[in-house]
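Student: Take a look and give me a structure for this.
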Amino acid sequence: MLLLVIALENNASLLSLKQVVVFKNMLLNQLSNRLVKINCCSVHDGITGFTQYSCCNTGIQVRHASNSSNGGLGRKGIVVILPWLNAPKPAIKKYEDLYQRHGLQSLVYQANLKDFIFPKSGLQRSAVILDSLMMMSESGNDHAKIVIHSSSVGCYFYALMLHQMKNHPETYQIVRDSIAAQVCDSPVVGTLNEMAYGVGKMLSPKSQLLASLYSRLCLMYFSFAKDTVSLYDELIDTFKHHAPSAPSMICAAEDDPMQIPQAYQELHTSWEKRSTVTEKKWKQSQHAQNLRYHPEEYEKMVKELLKDAKI
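Tutor: All right, here's what the predicted structure looks like:
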């Protein structure tokens with residue numbers, strides 16, 4: 001491993017295409033070993049029962065409360081929860097419970113690194129989520145309000161959703177118009193170098209050596225995937241400048257090693273130009289763990305956000 005890192009650092013410009021392909025396959029091998037299998041998209045209400053049905057033929061499923069008064073939507077609407085990579089179920093449930101206390105049901109989709117490395121695949125998944133929201137909205141008498149709560153790589157997946165809504169307004173305008181509030185927790189948004197650094201940290205949070213290796217493998221892959229790089233640029237621009245004009249909450253930890261201060265500030269500034277933004281940086285916390293370390297303040301902020309959104 002050490003020799004490979006040295007080779008990447010000192011001889012990257014001399015590597016042959018064949019070597020790059022080998023390194024790319026190594027990276028994808030590591031990704032496939034670490035991916036969380038995503039086969040369920042769930043809508044949860046702890047008060048009533050569930051009805052489950054398959055969504056298209058993607059393996060994603062939607063669950064909704066069969067006894068809800070408006071055909072499966074929550075009493076006040078629905079929150080789309082997009083958690084961080086490998087988020088455990090008990091941690092995700094804390095977010096579901098938080099919003100349930102405020103009368104919202106939750107739809108959860110846990111993105112994986114395949115959605116990032118192959119954004120076209122991620123776009124397909126994002127379309128399934130949007131189609132699910134369309135079906136749920138159409139099942140009621142009127143359009144329910146939607147809250148988007150994204151964390152870490154979930155913020156990237158939200159960018160995929162925004163990209164679909166921007167490029168297919170005739171299909172998804174109803175969903176975009178229904179987004180009443182949005183939360184962006186611990187975003188990793190920046191240049192390709194910065195995003196590759198984030199991927200390395202996500203794949204190997206405990207080993208700096210392996211994290212550096214994965215980051216460099218990512219960058220080598222990007223150098224040959226020009227179409228992918230172009231799409232990344234579009235996604236970053238869409239996320240920063242074309243998010244809905246809805247009350248928003250942006251938060252992070254000051255000691256988060258994956259936090260990119262300049263990119264974070266640019267995101268905050270851009271969103272603030274279009275709507276009310278509540279922003280918070282905690283001095284002591286961890287990446288995407290702000291609810292865990294500051295539960296009372298976090299829930300108070302969410303409560304105020306929902307109040308601003310009239311939910």
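Student: quick one: secondary structure of S275?
Tutor: The three-state assignment at S275 reads coil, by DSSP: H, G, I helix; E, B strand; the rest coil.
Student: Okay, the residue nearest to it when sequence neighbours are not counted and V153: tell me how far apart.
Tutor: Distances taken as C-beta to C-beta, 6 or more residues apart in numbering place S245 nearest to S275, at 4.7 Å, with adjacent residues excluded. For glycine as for every other residue, the C-beta is placed from the backbone atoms N, C-alpha and C. Separation of S245 from V153 (C-beta to C-beta, to the nearest Å) stands at 25 Å.
Student: How about S207?
Tutor: 19 Å.
Student: Name the residue in those two with the higher neighbour count.
Tutor: Between S207 and V153, V153 has the larger neighbour count (other C-beta atoms under 10 Å), namely 27 against 13.
Student: Please look at the more buried one and M202 and confirm they touch.
Tutor: Yes: using C-beta atoms under 8 Å, V153 is in contact with M202, at 7.0 Å.
Student: what sits in contact with each of the two?
Tutor: 85, 113 (C-beta atoms under 8 Å, 6 or more residues apart in numbering).
Student: what's the helix or strand for Q173?
Tutor: Using DSSP states H and E, Q173 maps to helix 169-178.
Student: nope, A252 is what I meant
Tutor: Per DSSP H and E: strand 248-253 holds A252.
Student: Helices of this structure, start to end?
Tutor: Along the chain, counting by DSSP state H, helices occupy 2-11, 17-34, 89-100, 113-117, 119-138, 153-167, 169-178, 192-203, 208-224, 226-241, 261-272, 290-293, 295-308.
Student: pull the helix or strand with minimum mean pLDDT from the chain.
Tutor: helix 2-11 (a mean of 36; mean pLDDT, DSSP states H and E).
Student: residue ranges with poor pLDDT in this structure?
Tutor: Scanning the chain for pLDDT under 70 picks out the ranges 1-75, 137-143, 190.
Student: redo that, cut-off 90
Tutor: By pLDDT under 90, the weakly predicted segments of the chain are 1-77, 85-86, 105, 110-121, 132, 134-144, 153, 188-233, 255-263.
Student: Mind telling me which residue is nearest the centre of it?
Tutor: The C-alpha lying nearest the average C-alpha coordinate of the chain belongs to G154 (C-alpha atoms, centre = their mean; 1.2 Å).
Student: list the contacts for that one?
Tutor: Counting by C-beta under 8 Å, 6+ apart, G154 makes contact with 81-84, 110-111.
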